[in-house]
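**Q** what's the 3D shape of this:
(2 chains)
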Amino acid sequence: MHLVVIGLNHETAPVEIREKLSITDQQLPDALRGLASLDEVLECVILSTCNRTEIYACTPTRANDAVIVDWMSKYFSVSAEDFQPFTYSRAGHKAIEHLFRVASGIDSMVLGEAQILGQVKSAHAAAAALPSAHTLLGGLFQKAISVGKRVRTETEIGRGAFSVGSVAVRIARSIFDDLKGRSVLIIGAGKMGELTATHLTSSGADSVLVANRTQQKAIDLAARFDGRAVAFEDRQSAMLSVDIVITSTGAGEPIVNKDMVASVMRARRGRPLFFIDIAVPRDVEAQVGSLDGVFVYNIDDLRCAVEEQAEGRREEVAKVEEIIGSEVEEFLVKFRTLDAIPVITALREKFEDIRQQELDRLQSKLKHLSREDLELIGVSTRSIVNRICHTPMIQIKDYAIQDDSSDKLDMICDLFGICRIEQTDENQPQTAQANDLGGKRP
Amino acid sequence: MLGGSGRARRGAQTAAVLGVVAQGVAIVIACVQNQQIAINNLSDSLMFLAWGLVGLYLLMERRFRIAIVGAFTTLLAACLIVIASSLPQSISAELLPALQSHWNAIHTITCLLGYSAFTLACGAAVVYSIQERMLKAKRINMFQKHLPSLDVADRLAYKLVSIGFPMLTIGIITGSLWAQSAWSSYWNWDPKETWSLITWLVYAAYLHVRLISRRRGKWSNRLLVIGFLCVLMTFVGVNLLDFGLHRYNW
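**A** From the prediction side, this is the model:
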C-alpha cells in the first residue's frame, strides 16, 4: 500500500491557480466520490482551504501521481500543464510528515495558526462520512489531529496574537492591563474598525462611542455595541472620556492632529490614550505619537507587530519538528503492521476452519454427547487454537515492520498454505506489494 | 519567577513567604535576646531592608500580577543579604549612651520600611519607563509582554509610596524626638537629617504630581527615581561622604 499527497499551497502556487483548484465544502463529497471511484485509489481525503488544496490518497502501486493529476485536471477543467508546475508531491513517510506539519500549523501562511487544525478535522470528517477513508487514511488523519493538539499544548507555536485585532488587544493590555471598564471611541463606521472594536469589547472593554460623518451609520454601529453615537465634530471632546480610539475613515487628510490631542491630554491629566489607526491614508497625524502618554499604532505598525509575534513562534518550529519526527516514526510502525493484518486474518480463518471441520466430525461420530458436552469441547478447542496462534501472531506483526517484511510474510503464507491475495478485493491487492515507506527503521 | 509555569511560580512564592517568615522570626529573637531592637549596624540594617523588600513585594503581589518585579526583588534582597553577611558583625549589646532611647526602635524600623517601599517604587518606575519605551518604539515581543502594564506599574508605585511616605514621615518625627532626648535639640541640620528632609520633599512632590498634576506618567516616574537616589544618599551616601551625628555605629 502506498501513501501519496499531491497538492499546492500559498507558497507554491499564485492565488489565481489556487482559486481555480479549490473545492468548497458542498462540492467535497462529490469530489471524494469521484476520486474514490478510480481503480488506483483505495482511500482518499481532500483538504481544501483558501491557502491550499491537497489530495491524500492510498494507492496499490507506486508512482500514481499521474492518475491523481489527471483526475484533478478533469475535475477542475484545467489542463495539467497549467497547474502541475505549482504542485508538490510527497510519498510514504514524507507524506505522513507533511500532513503532521500542516496540522501543526508550521506549513501555514501565519505560522502556528489554529484554524488549519479545524480544517484538517473537517476534511477527515467528510472523508470518513462517505467513507473514502478507511484504516490507513482514517488513522493517519486522526493521528494528525492529535499531533496538532499536542504541539499546541507542548510548545509555544500557537501563542501570541495572529491578527491585527488581537495584536491591538495585546498592546491595549500592556497599557491598561485589564480592559474591563475601558472605553473605546470608533471614528469612521467601517468594517475594519468594527472588527477591531469587537476584539476589544470581547476582551473586556465595555463602553463604545461612535463618531462618523454620516450620523445614521454611527447610530447603527453604536447600536451593535450597545454604545452611543456622537457627532463627528465632537470627536475631540469624546476623546476626553475614552481610553482607546480606533480610526478608520476614508478621509484623505488626517482627522486627528497633534494640537487636538495635546489639548485632550492636558485635560486627561496624563491618563494614557491609545490610537489604533487602521485607515489608509492615515487618520492620525504622525506627530501625535510624540506626545507623552499617547500611543499611536497605524495599520503598518500593527501588521509588523503581528509579524514579530510570528518571529517569536519561529523559534518554536524546531521543537514542533522534533515532536513531528517522533510521531511519524510511531505512525510508521502502525502503518507497516497493517500489512500483517491480512496474513493474520487468513491464518485465523484457516485454523478456525480446521477446528470446525474436526468438531463436526466428532459430533457425527460421538452421538451420545449432550449439548453441554459439545459446548465444552467447542470452548476447549477454541482455546487450543488461540494458544497456538498467540506467539505466531505477535511474531507476524513484528515481521511486518522489518525491512524484508514481504519475504517473511510470503514464507508464512507458503508454510500454512494460505494466500494473502484472497483476503482482499480483486482491485485491492494491498499486501501483494511491499510497501515503500522508505528505508526508515522504526 | 519570570514567566514560568504556575507550579514554579507557586514554588518560588512559597519559598519567598517561608524566607520572610523565617527572617522575621530571627529578627524578633535577636531583639528579645538583646532586650532592644537589634538593628544597630549597617549589616543589620541591610538584612532588615532585604526582609522589608521581599515582605512588601509579597504584600503587593496579592494585588498585582508582577512576577518580573518579584524576580528583581528577590535578586536584590539576596544581594543585600550577601553584602550584609560579609560586613563586620559588631553586635554591640550596649549602645552609646547618647543613642539609648526608646525612640530608637520606631525610628529605625519605620525608616528602613520606608526605604524598602521606595526601592520597590523605583523598580516599578523603571519597569514603567521600559514598558513605555517599548510601546512607543512599537516593539511588541515576548519580553515586553512579560513586563507589567503601564497601568499596573503606575498603581504599584503609587501604592508603595503611599506606604513608604508615612513611614518616612514617622521616621523623621521619631528621629527628631530621639534627637531631642539625646542632644536636647530637635533638628541639627546634620547631613543625614537634611537629606532625609530632601527625600521627604521629593516624595511629597511625587504624590502631588501623581494626584493632581497634568504631567503624570513621565514626571511621576522621574521623581520616583530621583527619590530613590535621595534614599541612597540618606541611607549610605551621607555616611560614606561625611561624618555627621549619625555616624556612630559602623
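**Q** mind telling me what element residue 18 is part of?
**A** By default, I'm working from chain A. Mapping A:Arg18 onto the secondary structure by DSSP states H and E places it in helix A:15-20.
**Q** actually it's chain B I care about, not the one you picked
**A** With DSSP H and E as the test, B:Leu18 turns up in helix B:6-34.
**Q** picking up where we left off before, pull the residues that contact the helix holding A:Arg18.
**A** A:8-10, A:50-53, A:76, A:78, A:82-83, A:86 (C-beta atoms under 8 Å, 6 or more residues apart in numbering or on different chains). Bear in mind the C-beta positions are built from the backbone N, C-alpha and C, glycine included.
**Q** are any of those buried, and if so which?
**A** Buried members of those, scored by 16 or more other C-beta atoms under 10 Å in any protein chain shown, are A:8-9, A:51-53, A:76, A:83, A:86.
**Q** helices - which of those residues land there?
**A** Among these, the members falling in helices (DSSP state H) are A:76, A:83.
**Q** in CSV: the buried ones among the contacts of helix A:15-20, plus distance to A:Ile341 and pLDDT.
**A** CSV is the format used below for these (distance: C-beta to C-beta, whole Å; pLDDT from 0 to 100):
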residue, distance to A:Ile341, pLDDT
A:Leu8, 34, 93
A:Asn9, 34, 92
A:Asn51, 36, 87
A:Arg52, 32, 92
A:Thr53, 32, 93
A:Phe76, 36, 92
A:Phe83, 37, 91
A:Phe86, 38, 93
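**Q** export the buried ones among the contacts of helix A:15-20 to CSV and tack on distance to A:Leu338?
**A** Shown next, in CSV, are the buried ones among the contacts of helix A:15-20 (distance: C-beta to C-beta, whole Å):
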residue, distance to A:Leu338
A:Leu8, 29
A:Asn9, 28
A:Asn51, 31
A:Arg52, 27
A:Thr53, 27
A:Phe76, 32
A:Phe83, 32
A:Phe86, 32
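**Q** who in chain A is up against chain B?
**A** A:167, A:170-171, A:173-178, A:265-266, A:269-272, A:289, A:292-293, A:295, A:297, A:301, A:304-305, A:308-309, A:311-312 (C-beta under 8 Å from any C-beta of the partner chain).
**Q** list buried residues within those residues.
**A** For the residues of chain A next to chain B, buried by 16+ other C-beta under 10 Å: A:167, A:170-171, A:173-177, A:265, A:270, A:272, A:289, A:292-293, A:295, A:297, A:301, A:304-305, A:308-309, A:312.
**Q** now, which of those residues lie within helices?
**A** Checked against DSSP H, these include these in helices: A:167, A:170-171, A:173-176, A:265, A:301, A:304-305, A:308-309, A:312.
**Q** which one of those residues is nearest A:Asp407?
**A** A:Gly312 (50.5 Å; C-beta to C-beta).
**Q** ok, that closest one - contacts?
**A** A:156, A:159-160, B:141-142.
**Q** re the thing from before, now the ones in helices among the buried ones among the residues of chain A next to chain B in a markdown table, with pLDDT and distance to A:Leu3?
**A** Below are those laid out as a markdown table (pLDDT from 0 to 100; distance: C-beta to C-beta, whole Å):
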| residue | pLDDT | distance to A:Leu3 |
| --- | --- | --- |
| A:Val167 | 90 | 39 |
| A:Arg170 | 91 | 40 |
| A:Ile171 | 93 | 45 |
| A:Arg173 | 93 | 45 |
| A:Ser174 | 93 | 46 |
| A:Ile175 | 93 | 51 |
| A:Phe176 | 92 | 51 |
| A:Met265 | 90 | 63 |
| A:Asp301 | 90 | 45 |
| A:Cys304 | 86 | 40 |
| A:Ala305 | 86 | 40 |
| A:Glu308 | 80 | 38 |
| A:Gln309 | 80 | 34 |
| A:Gly312 | 78 | 34 |
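**Q** excluding sequence neighbours, find me the nearest residue to the spatially most central residue of chain B.
**A** Closest to where the C-alpha atoms of chain B average out (C-alpha atoms, centre = their mean) is B:Ser116, at 1.4 Å. Nearest non-adjacent residue to B:Ser116, counting by C-beta to C-beta, 6 or more residues apart in numbering or on different chains: B:Gly52, 3.2 Å away.
**Q** tell me who's in contact with the one you found.
**A** Here B:Gly52 is in contact with B:112-113, B:115-117 (criterion: C-beta under 8 Å, 6+ apart).
**Q** please repeat the previous calculation with a cut-off of 6 Å.
**A** Residues counted as contacts of B:Gly52 (C-beta atoms under 6 Å, 6 or more residues apart in numbering or on different chains) are B:112-113, B:116.
**Q** which helix or strand contains it?
**A** Assigned by DSSP H and E, B:Gly52 falls in helix B:42-61.
**Q** related to what we said a few turns ago, most neighbours out of the contacts of A:Gly312, which is it?
**A** Taking other C-beta atoms under 10 Å in any protein chain shown as the neighbour criterion, A:Gly160 ranks highest of these with 23 neighbours.
**Q** quick one: that residue from A:Val120, how far?
**A** Applying C-beta to C-beta, to the nearest Å, the value for A:Gly160 to A:Val120 is 21 Å.
**Q** tell me how many other residues crowd B:Ala157.
**A** For B:Ala157, using other C-beta under 10 Å, the count is 27.
**Q** about what we covered before: so the residue nearest to the centre of chain B makes contact with B:Gly55?
**A** No. Applying C-beta atoms under 6 Å, one finds B:Ser116 not in contact with B:Gly55, separated by 7.6 Å.
**Q** just the pLDDT for residue 97.
**A** Assuming you mean chain A. Note on A:Glu97: pLDDT of 94.
**Q** that answer is for a different chain, and I need it for chain B
**A** In this model, B:Pro97 carries a pLDDT of 58.
**Q** and A:Gln84, by the same measure?
**A** 90.
**Q** tally of neighbours for it?
**A** Applying other C-beta under 10 Å, we find 17 other residues in the vicinity of A:Gln84.
**Q** then B:Trp183?
**A** 12.
**Q** centroid-nearest residue for chain A?
**A** A:Leu117 (2.7 Å).
**Q** which SSE is the closest residue to that one other than its chain neighbours in?
**A** Counting by C-beta to C-beta, 6+ apart, A:Gly148 is the residue found nearest to A:Leu117 once chain neighbours are left out, at 4.3 Å. Counting by DSSP H and E, the element that carries A:Gly148 is helix A:135-154.
**Q** for that helix, buried residues please.
**A** Under the neighbour-count criterion of 16+ other C-beta under 10 Å, helix A:135-154 has A:135-138, A:140-141, A:143-145, A:147-148, A:150-152 buried.
**Q** which one of these is nearest chain B?
**A** Nearest to chain B among those, counting by C-beta to the nearest C-beta, is A:Arg152 at 16.1 Å.
**Q** so that closest one sits against A:Gly158, correct?
**A** Yes. A:Arg152 is within contact range of A:Gly158, at 4.1 Å (criterion: C-beta under 6 Å).
**Q** poorly predicted segments of the stretch 1-150 of chain A, please.
**A** Along the stretch 1-150 of chain A, the model assigns pLDDT under 70 to residues A:1, A:62-63.
**Q** which one of the buried ones among the contacts of helix A:15-20 is nearest chain B?
**A** Closest to chain B, out of all of those and judged by C-beta to the nearest C-beta, is A:Asn51, at 24.7 Å.
**Q** show the contacting residues for the closest one.
**A** A:9-10, A:109.
**Q** go again with 10 Å.
**A** A:8-11, A:13, A:15, A:18, A:22, A:107-110, A:113, A:115-116, A:119 (C-beta atoms under 10 Å, 6 or more residues apart in numbering or on different chains).
**Q** cool, B:Thr119 as well?
**A** Per C-beta under 10 Å, 6+ apart, neighbours of B:Thr119: B:49, B:52-53, B:56, B:73, B:76-77, B:80, B:160, B:164, B:228, B:231-232, B:235.
**Q** can you put those residues in TSV and add pLDDT, distance to B:Val152 and secondary structure?
**A** Compiled in TSV, the contacts of B:Thr119 are given as follows (pLDDT from 0 to 100; distance: C-beta to C-beta, whole Å; DSSP: H, G, I helix; E, B strand; the rest coil):
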residue	pLDDT	distance to B:Val152	secondary structure
B:Leu49	84	24	helix
B:Gly52	86	21	helix
B:Leu53	86	18	helix
B:Leu56	86	16	helix
B:Thr73	81	15	helix
B:Leu76	85	19	helix
B:Ala77	84	21	helix
B:Leu80	83	25	helix
B:Leu160	93	12	helix
B:Gly164	95	18	helix
B:Phe228	93	19	helix
B:Val231	91	23	helix
B:Leu232	88	25	helix
B:Phe235	83	27	helix
